[in-house]
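Undergrad: Generate a structure from the sequence data that follows.
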Amino acid sequence: MAEHRQLNIYLLRHGECEGGEIIRGRSDVALSDEGRAQMWRSWRAISSELEQLPSAPQSLALLSSPAQRCQAFAAELKADMPDYFPAPLQQHDWLWELDFGDWDGMKVASVYQQHSEAAEAFWRDPVANTPPGGESLPAFRSRVLDGWQTMVQRWLAREANSSEGSGSKGSGSKGSGSSASADAALILTHSGVIRLLLAEILLPGQMPPAAVFNALELPYAAWVRITLYASRDASGDASGESDQEWQCFSKLHWPQ
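TA: Residues are numbered from 1 along each chain as shown. Got it, this is the predicted structure:
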């Protein structure tokens, strides 16, 4: 007999940040007032959609990149709506943006002035060209997809309260909360992470084409819903527990 689950996962990009037009990557900058307002508007749109789902969830798991432009709003959201987010906020390193190395924190204009050839090569083909001192796109993809797959399998197995695994960090409640309390989650993260996950749904198992990074507009506080349809063989051992891994099919609901 097969066992089936359906999960709805919302990916929300951070809003506008302080510091102007810089390459943020691993640079830990705060949201601007407008960025915070953008995220509240997006959350209201998400919560409105949640109410329209056939089986509207009563609570959501809440996950975030450790970057303050993501986790500060996540903490504010949880504090404002504790009944909607009853489990502890989880922060995961796999949700960090691409590390841009020597370019991180530089103004975009300065990067093009000082590293014009390397910058042009990167934006034309980010798979083949890595920012100096930065993270390669294949390494970035492996980090994000390993973290995503670990999260999904643990969640489906009702083990999401484990603090072990890919890129979990924190003390106390950070990284140790359970996302098993609901079949829906909100993940606050970055443009690059969202792009990689969208590409994996549309082109599973393939390195994303350059167009995913240089031709797809994902504005501040953009959000997208991914529905996971999961199944596995429910036949178990003597204890009745199945040791089969869940097989997932994903459906993308286009970015808002």
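Undergrad: how about the strands in the stretch 51-200 of the chain?
TA: 61-64, 90-91, 184-189 (DSSP state E, counting those that start in this stretch).
Undergrad: What is the last one packed up against?
TA: I take that to be strand 184-189. strand 2-13, helix 33-52, strand 61-64, helix 68-80 (3 or more Cβ pairs under 8 Å, 6 or more residues apart in numbering; DSSP states H and E). C-beta: built from backbone N, CA, C; applies to glycine.
Undergrad: got a list of what the residue nearest the centre of the chain touches?
TA: Central residue of the chain (Cα atoms, centre = their mean): residue 189, 4.6 Å from the mean position. Shown in contact with residue 189 (Cβ atoms under 8 Å, 6 or more residues apart in numbering): 11, 12, 13, 14, 64, 65, 70, 95, 97.
Undergrad: that older thread, and the helices and strands packed on strand 184-189: which comes nearest residue 233?
TA: strand 2-13 (6.4 Å; Cβ to Cβ).
Undergrad: Work out the gap between stretch 184-196 and the centre of the chain.
TA: Relative to its chain's centre, stretch 184-196 lies at 2 Å (Cα atoms, centre = their mean, to the nearest Å).
Undergrad: so where's the stretch 151-256 of the chain uncertain?
TA: Under the criterion pLDDT under 70, the flagged ranges of the stretch 151-256 of the chain are 158-182, 235-243, 255-256.
Undergrad: Run through the helices of it in chain order.
TA: 191-202, 211-214 (DSSP state H, counting those that start in this stretch).
Undergrad: most packed of those?
TA: helix 191-202 (a mean of 20; mean count of other Cβ atoms under 10 Å).
Undergrad: Dump that one to CSV, restricted to CA.
TA: Output of helix 191-202 as CSV, limited to C-alpha atoms (Å, rounded to 0.1, in the frame of the first residue of the first chain):
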residue,chain,number,x,y,z
SER,A,191,17.0,35.5,-5.1
GLY,A,192,19.8,33.0,-6.0
VAL,A,193,18.4,30.2,-3.8
ILE,A,194,14.9,30.7,-5.2
ARG,A,195,16.2,30.7,-8.8
LEU,A,196,18.1,27.4,-8.2
LEU,A,197,15.0,25.7,-6.7
LEU,A,198,12.8,27.0,-9.6
ALA,A,199,15.3,25.6,-12.1
GLU,A,200,15.4,22.3,-10.4
ILE,A,201,11.6,21.9,-10.6
LEU,A,202,11.6,22.9,-14.3
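Undergrad: The chain should start at 469 in everything you say after this.
TA: All set: I'll call the first residue 469, so the last point we hit is now helix 659-670.
Undergrad: what's in contact with that helix?
TA: 479, 481, 533, 563-566, 608-609, 612-613, 616, 674, 676-677, 680-681, 684, 686, 690, 692, 694, 718-720, 723.
Undergrad: before we move on, back to that, please convert the helices of the stretch 619-724 of the chain to CSV, extending it with distance to residue 503.
TA: Listed next are these as CSV, based on distance: least, Cβ to Cβ, whole Å:
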stretch, distance to residue 503
helix 659-670, 13
helix 679-682, 22
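Undergrad: Any idea which of those helices gets closest to residue 623?
TA: Taking these one by one with Cβ to Cβ, helix 659-670 is closest: 15.0 Å.
Undergrad: Thank you kindly, that will do.
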